[in-house]
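Participant: A predicted structure for the sequence below; I have some questions about it.
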Amino acid sequence: MSTMSLTTRISLLFAIAASLVLLTTGFFLSHVVEAHFKEGDRHELNGKLELIQNLFKKANNPAALKRLPKQLDDALVGHHGLAVAVADATGNLWYTASGADFLRKQLHDCQRLPAQCTFGVLQEWEQSGAHYRGMAVTLTAGNGDAFTVAAARDIHVHESFMTTFRIVLAIAIVLAALATAVLGWVSTRWGLRPLRRVTETISGISAEHLSDRLPTRGLPTELEPLAIAFNAMLARLDDSFRRLSEFSSNIAHELRTPISNLMTQTQVALSSARDKDAYKEILYSSLEEYERMAQMVSGMLYLAQADNGLLRPGTEIVDLEKETQGLFDYFEAWAEERLVSLTKSGSASVSGDKLMLRRALSNLISNAIRHTPPGQAVHVAFNDLGRQATVSVENPGPDIPAEHFAKLFDRFYRIDPSRQRSGDGAGLGLAIVKSIVDIHGGTISVTSTNEMTRFQLIFPALGE
């Protein structure tokens, strides 16, 4: 089931909004017109009843009272549709105009409940299929006689006008809603052109064209952050694809060498009969290759677990100076063999996983020993700064060009072939160090100047 397009949705929303506004306006407009007609009828009826009251007040003798019907006829000239009826105190019709016999009930009700008969109070009723709006009052003639007067008008014309008005208004609302929908569709279609251009650009981007970027100039304000965010995502994807490609190439290269060595050694061993010692030497050589591959696979597994958040560090207090001393004891023989001395200064403790932190320090120290010239020293310095604890591992040796700093912690990254290493030196050691530091909420940086390379680790202080 296909979903509605954004253009259609906005067009329908425009039409619905316009319809609601027009319906509300039409409702109030209809109410105002109806109130206008009602107020006009009230004013006319009230005026005629006041005129009739003045005529009755002047009739202060029988002769004047006898002339009153003629005066009422003259007063009602030109008021077509206005019916007037007058009843005397006994309830008999005393005067009628324009066939006002239908006002008998209003006259009777007024005489029965005179308190409800006052000037300005309109009554509406239906009689014999016709609708009327009228007013009834009691009054006293100049001679003291009591009379009841009712005036009414047929509001058929008003109702016909209101019916026609509402029909026309409904048609106008429908047409306006349709016009708004069409205009909304056109406007939305035009307004979404930048989005369609963005979509066309995105549809042309593939793994082979991750270097393409969305144009940010000329875009509406609402789309500019989207284009910037998408370009940033493309940059990350491009970098990830490049690293993945390099990773695949590097791991193939790293595994090819030990596998090739194993195949060569096995072929040599099988090429002719050998004594036990010769076979034993070949097996020892093969074991070294197996250990190298095992360390590589172990390092890759460790990094994969770190990338997927599967490694959870402990929260014990780790004395970094003490752990470093243990590593110095472990590397002592190797360092002496390379004529490299190991020194340290300061102290610091952090909260974390002892084994992980020990592994990070081990990788840094072994890396430093490996690249320190004979007769020089590797120095590890600790510093507790209150809000953070720092560890610096520095060693003399050739400077590392600054352009390599950003990639130095990438997997299998080597500055040049002369820095080829074995074991963790296959290119995973510094990547593992960075993952451990990240897991502990710390940072790692490298500086290399004046033939001195320094790796600095910064960890949150205890309790942070």
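Facilitator: Done, it's in. Numbering: from 1, shown residues only.
Participant: following the helix or strand harbouring Met263, which helix or strand comes up?
Facilitator: Using DSSP states H and E, Met263 falls within helix 224-271. The helix or strand immediately downstream of helix 224-271 is helix 276-307, counting by DSSP H and E.
Participant: Now find how far off-centre the helix or strand containing Val32 is within its chain.
Facilitator: Secondary structure assignment for Val32, by DSSP H and E: helix 6-58. Here the centre of helix 6-58 is set off from its chain's centre by 44 Å, with Cα atoms, centre = their mean, to the nearest Å.
Participant: again with stretch 315-328
Facilitator: So, by Cα atoms, centre = their mean, the centroid of stretch 315-328 is 47 Å from its chain's centroid.
Participant: Number the chain from 38, please
Facilitator: Okay, residue one is now 38; in that scheme the one you just asked about reads as stretch 352-365.
Participant: Quick one: mean pLDDT for it?
Facilitator: Taken as a whole, stretch 352-365 carries a mean pLDDT of 90.
Participant: Can you show me the CA trace of that stretch as CSV?
Facilitator: Coordinates of each C-alpha in stretch 352-365 appear next as CSV, following Å, rounded to 0.1, in the frame of the first residue of the first chain:
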residue,chain,number,x,y,z
THR,A,352,36.0,-0.2,39.0
GLU,A,353,38.9,-1.1,41.2
ILE,A,354,41.6,1.3,42.2
VAL,A,355,44.6,0.7,40.1
ASP,A,356,48.1,1.9,41.2
LEU,A,357,49.6,2.7,37.8
GLU,A,358,53.1,3.2,39.2
LYS,A,359,53.0,-0.3,40.8
GLU,A,360,51.7,-1.9,37.6
THR,A,361,54.5,-0.2,35.6
GLN,A,362,57.1,-1.6,38.0
GLY,A,363,55.8,-5.1,37.4
LEU,A,364,56.1,-4.5,33.6
PHE,A,365,59.6,-3.2,34.1
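Participant: Report the contact partners of the closest residue to Thr253 other than its chain neighbours.
Facilitator: Spatially, and ignoring its direct neighbours in sequence, Thr253 is nearest to Ala264 (4.9 Å; Cβ to Cβ, 6 or more residues apart in numbering). For every residue, glycine as well, the C-beta is placed using N, CA and C. The contact partners of Ala264, by Cβ atoms under 8 Å, 6 or more residues apart in numbering, come to 235, 251-253, 256.
Participant: Which two of the residues you listed have the greatest separation?
Facilitator: The largest separation in these, counting by Cβ to Cβ, is between Val235 and Thr253 at 10.1 Å.
Participant: For those two, work out which one has more neighbours and name it.
Facilitator: Between Val235 and Thr253, Val235 has the larger neighbour count (other Cβ atoms under 10 Å), namely 18 against 14.
Participant: That one and Leu260 touch, don't they?
Facilitator: Yes. If you go by Cβ atoms under 8 Å, Val235 and Leu260 touch, sitting 6.5 Å apart.
Participant: mind checking the longest strand of this structure?
Facilitator: If you go by DSSP state E, the chain has its longest strand at strand 167-177.
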